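[1] Compute the structure for the input listed below.
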Amino acid sequence: MIKVLFICHGNICRSTLAQSMFQDMVNKRRLSDRFYIDSAATSREEIGNGPHYGTVSKLKEVGIPVVPHRARQMTRADYDNFDYLIGMDSYNISNMTRIAGGDPDGKIYLMLSFAGSSRSIADPWYTGNFDETYDDLTEGLGAFMKHLESVGL
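    Here you go, the predicted structure:
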């Protein structure tokens, strides 16, 4: 089983959008029995809150089911329990590495690194633009799926 954890600052916008989008990709490929997908925050600010209304609205607009989720903070144990810990920006990567106590197994990735970019996923908390975030995640998640296929999914 491939275990994937998407991570952003609060776990209500980007990481939950990525979680629902990737779960939908996996389901459509009939691979759900091969994946465990979750999301988390690097901060404690939104713990217990559901996905942002903009995230829910965007997912409904594009016909992707919203994965039931409540914001939680990443833990050191997550590093051991997941194969891929995917952050949305360099600030997340720094905090993820701190929480994990390093990255000795090379499990921490920047989302768009799979697409050959060091660019951040646009944060709709600040931009208000969930379309841009969705487009960024479409690019990153598509490249991530290609990566998984190339290593034998």
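
[2] Which parts of the protein are strands?
    Counting by DSSP state E, the chain has strands at residues 2-8, 35-41, 84-87, 108-110.

[3] can you put those in a markdown table and add mean pLDDT and mean neighbour count?
    Yep, even glycine has a C-beta here, placed from its N, CA and C like the rest. A markdown table is the format used below for the strands of the chain (pLDDT from 0 to 100; neighbours: other C-beta atoms under 10 Å):
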| stretch | mean pLDDT | mean neighbour count |
| --- | --- | --- |
| strand 2-8 | 98 | 24 |
| strand 35-41 | 98 | 21 |
| strand 84-87 | 98 | 25 |
| strand 108-110 | 98 | 21 |
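
[4] tell me the pLDDT at Ala77?
    Note on Ala77: pLDDT of 98.

[5] and it, how far is that from Gly101?
    Applying C-beta to C-beta, to the nearest Å, the value for Ala77 to Gly101 is 11 Å.

[6] How about Arg70?
    Counting by C-beta to C-beta - Arg70 and Gly101 are separated by 25 Å.

[7] Surely Arg34 touches Glu149?
    No: in this structure Arg34 lies outside contact range of Glu149 using C-beta atoms under 8 Å: 11.8 Å.

[8] list the buried ones in stretch 93-102?
    Neighbour counts over stretch 93-102 (16 or more other C-beta atoms under 10 Å) mark Ile93, Asn95, Met96, Ile99, Ala100 as buried.

[9] Please apply the same query to stretch 117-136.
    Those would be Arg119, Ser120, Ile121, Ala122, Asp123, Pro124, Trp125, Phe130, Thr133, Tyr134, Asp136, for stretch 117-136 by 16+ other C-beta under 10 Å.
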